[in-house]
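Q: structure of the sequence below:
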Amino acid sequence: MYKLLAAIVLTSLVYSSCSKKIEAADTIANGVYYGTYQRIKSGTGKEVKVSVSFNEGAWSGLSDSTKYPALCRGVFSSVGIDSVRFTNDCIWTSDFDHTYILSGNYSVYSRANHITITRTYANNEQDVYELYKKM
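A: From the prediction side, this is the model:
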């Protein structure tokens with residue numbers, strides 16, 4: 001019985017020491033990214049140019065269109081292997097749809113110098129950021 005208990009404790013210690021805390025930098029590499037944003041409704045949507053800078057858990061961004069999306073600055077952190085939570089530190093007026101603000105949980109798919117950041121809503125609309133790292 002004691003051998004079984006010791007084996008269970010030892011196994012859990014080995015497993016916990018091998019697990020890695022997922023950091024935001026593991027999901028989104030530091031750098032300046034350029035690309036597009038689109039709110040997809042029924043398979044289509046207005047596409048605009050955006051630029052977003054990521055640095056050590058902080059972000060800032062600009063869009064060619066006012067408040068579409070509503071970018072500014074804030075922080076981000078990983079909430080899973082392929083999920084990031086954005087916080088937007090700016091104060092926004094109430095004259096537009098606040099779902100356009102980069103804030104909340106998003107899925108992130110990263111490959112080489114390209115990242116795709118998406119959020120899907122209950123009505124199947126989707127925010128899609130297609131970003132390419134400036135080299």
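Q: list the contacts of stretch 119-135.
A: By C-beta atoms under 8 Å, 6 or more residues apart in numbering, the residues outside stretch 119-135 that reach it are 29, 31-41, 50, 52, 69, 99, 104-107, 113-118. Quick note: C-beta positions are derived from backbone N, CA and C, even for glycine.
Q: all helices of the chain, in order?
A: For the chain, helices defined by DSSP state H occupy the ranges 2-18, 24-27.
Q: which one of the ones you listed has the poorest average confidence?
A: Here the lowest mean pLDDT among the helices of the chain goes to helix 2-18, at a mean of 40.
Q: tell me what the residue positioned nearest the centre of the chain is bridged to.
A: Nearest to the mean C-alpha position of the chain, counting by C-alpha atoms, centre = their mean, stands V84 at 3.8 Å. In this entry, V84 is beta-bridged to S78, Y106, by DSSP bridges.
Q: quick check: the gap between it and Y132.
A: 17 Å (C-beta to C-beta, to the nearest Å).
Q: what's the answer for Y121, then?
A: With the distance defined as C-beta to C-beta, Y121 ends up 25 Å from Y132.
Q: so which of those two has more stuff around it?
A: Y132 (15 against 11; other C-beta atoms under 10 Å).
Q: buried ones in stretch 94-103?
A: 100-103 (16 or more other C-beta atoms under 10 Å).
Q: same question but for stretch 81-89, I mixed them up
A: 84, 86, 88.
Q: in JSON lines: the buried residues of stretch 94-103, plus pLDDT and distance to S63.
A: Converted to JSON lines, those look like this (pLDDT from 0 to 100; distance: C-beta to C-beta, whole Å):
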{"residue": "Y100", "pLDDT": "97", "distance to S63": "9"}
{"residue": "I101", "pLDDT": "97", "distance to S63": "11"}
{"residue": "L102", "pLDDT": "97", "distance to S63": "10"}
{"residue": "S103", "pLDDT": "97", "distance to S63": "14"}
